[in-house]
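1. Structure of the sequence below:
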Amino acid sequence: MSETDRLTRRQVRALKELPERHEIVSAEVPPIVRGPRGEWLRVTLGGRLVPVVQSVKSYLQVNE
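-> Numbers count the residues shown, from 1 in each chain. You can find the predicted model right below:
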C-alpha cells in the first residue's frame, strides 16, 4: 500500500465526526459519503465534504 492509498488524519477525523444523517459509502481513497438529501460527497485530504458531481449547465444553455 502506498502513501496515496491511505486516509489522512483529517479524513479519518471527518469520517468519525460526520454530521447527522450522513452515511459512509466507501472508505477507500477518497472516502465517499451520502448526504441527508442523497447527494454524493467526497472527503478532501483536509477533511472537508465536497460534492462528487457538481451541477453542469445544460448543453442548450451553454450554446445559446
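
2. Every contact and neighbour count from this point should use C-alpha atoms.
-> Fine.

3. Arg21 and Gly38 touch, don't they?
-> No: in this structure, Arg21 is not within contact of Gly38 by Cα atoms under 8 Å, at 9.9 Å.

4. can you give me the strands for this protein?
-> According to DSSP state E, the chain carries its strands in the segments 23-26, 32-34, 40-43, 49-51.

5. For burial, what's the neighbour tally of Gly35?
-> By other Cα atoms under 10 Å, the residues close to Gly35 number 19.

6. close enough to count as contact, Arg10 and Leu45?
-> Yes: counting by Cα under 8 Å, Leu45 is a contact partner of Arg10 at 6.8 Å.

7. about what we covered before: any chance of the strands of the chain in TSV, plus distance to Glu17 and mean neighbour count?
-> TSV is the format used below for the strands of the chain (distance: least, Cα to Cα, whole Å; neighbours: other Cα atoms under 10 Å):
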stretch	distance to Glu17	mean neighbour count
strand 23-26	11	15
strand 32-34	12	21
strand 40-43	12	22
strand 49-51	12	16
